[in-house]
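> Let me see the structure of the following:
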Amino acid sequence: MLMSPQNLPENIRQVQERIQRAAAECGRSVDSVTLLAVSKSQPAEIVRAAAHAGLCEFGESYVQEALGKIEALADLPLVWHFVGRIQTNKTRDIAENFSWVHGIERLRIAERLSAQRPFHAPALNICLQVNLAAEASKGGLAPADVPALAGQVAALPRLTLRGLMCIPPVDEDKDAQSRRFTELAELLARLNAGGAHLDTLSMGMSADLEPAICAGATIVRIGTALFGART
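From the prediction side, this is the model:
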């Protein structure tokens, strides 16, 4: 569903208040949580309205759709995150136009992004996607496979491995979702104890941002609560 620009400021305010309350309840600074507006399926004018309302980081899942928006909004200082499944034939466009990639699960994709990242651009920020519940319908690594890929990705030039990403099962209750988020945070802590230098947990969406923040999320990916339900 396309959102009216008039509704955006109030939606943004409500989401920011939720983030502030969740951070305060957990004794965290609100500044430690980045609101990533997942703008897939929204036209450029809605993204522009969201930017004028104070947002600057946007997540896209479809390369061709995203490229049009990135071009149309090139006059704004926006940070673009790719949050969808990555097809091999789309890696060059992603490497050339995005600052973050949240869904790495294969070394081959990371190698292509590394080779295709422009030399003049800053390193591409990478999160590995972890499939905590072993859901066949979702991408991501099994937790046991994360350390090996993390080491391989961290060694690639023009990439910076920043952290981990997950999408818990939507039918789980809040306690179960909280355990999933805690599991991801503990996995990141083990990687850091082994010598990694990771600072990012990309987890939590419109329905579950509060338990994600309490478990340590540093990026929450919010679409529906900002832009309305997609049809």
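> Every contact and neighbour count from this point should use C-alpha atoms.
Noted.
> that's a helix at Val101, yeah?
No. Counting by DSSP: H, G, I helix; E, B strand; the rest coil, Val101 is not part of a helix but strand.
> Count the neighbours of it for me.
As a burial measure, Val101 scores 27 neighbours (other CA atoms under 10 Å).
> In contact with Ser29, which residues?
Neighbour list for Ser29: Ala23 [criterion: CA atoms under 8 Å, 6 or more residues apart in numbering].
> ok, now Phe58?
Leu36, Ala37, Val38, Ser39, Leu78, Val79, Trp80, His81.
> Skip the chain neighbours and tell me the closest residue to the fifth one.
Of all residues beyond its chain neighbours, the one nearest Leu78 is Cys56 (4.9 Å), with distances taken as CA to CA, 6 or more residues apart in numbering.
> average pLDDT across the top helix by length along the chain?
Scanning the chain for the longest helix, with DSSP state H as the assignment, gives helix 174-193. Mean per-residue pLDDT for helix 174-193: 95.
> Spell out the residue ranges of the strands in this structure.
34-38, 57-60, 79-82, 100-104, 124-129, 159-165, 200-202, 219-222 (DSSP state E).
> contacts for stretch 148-163?
Counting by CA under 8 Å, 6+ apart, 106-107, 110-111, 113-115, 117, 119, 122-128, 188, 197-202 sit against stretch 148-163.
> Need the distance between the two termini of that stretch.
14 Å (CA to CA, to the nearest Å).
> sorry, back to before: could you export the strands of the chain as CSV, including mean pLDDT and distance to Val146?
Formatted as CSV, the strands of the chain follow (pLDDT from 0 to 100; distance: least, CA to CA, whole Å):
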stretch, mean pLDDT, distance to Val146
strand 34-38, 98, 24
strand 57-60, 98, 23
strand 79-82, 98, 20
strand 100-104, 96, 11
strand 124-129, 98, 8
strand 159-165, 98, 9
strand 200-202, 98, 14
strand 219-222, 98, 19
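> Val33: neighbouring residues, count only.
Neighbours around Val33, by other CA under 10 Å: 20.
> picking up where we left off before, just checking, what packs against the longest helix of the chain?
Judged by 3 or more CA pairs under 8 Å, 6 or more residues apart in numbering; DSSP states H and E, helix 174-193 is in contact with strand 159-165, strand 200-202, helix 209-215.
> What distance do you get for the residue nearest to Leu124 when sequence neighbours are not counted to Gly139?
Nearest residue to Leu124, sequence neighbours excluded (CA to CA, 6+ apart): Leu159, at 4.7 Å. With distances taken as CA to CA, Leu159 is found 21 Å from Gly139.
> ditto for Thr182
On the measure of CA to CA, Thr182 and Gly139 end up 19 Å apart.
> re earlier: next, the contact list for the residue nearest to Leu78, please.
Pro77, Leu78, Val79.
> Closest one to Asn7 out of these, please.
Checking the contacts of Cys56 against Asn7 by CA to CA gives Leu78 as the nearest, at 20.7 Å.
> these two touch, right, the closest one and Gly59?
No. Assessed by CA atoms under 8 Å, Leu78 is found out of contact with Gly59, at 10.5 Å.
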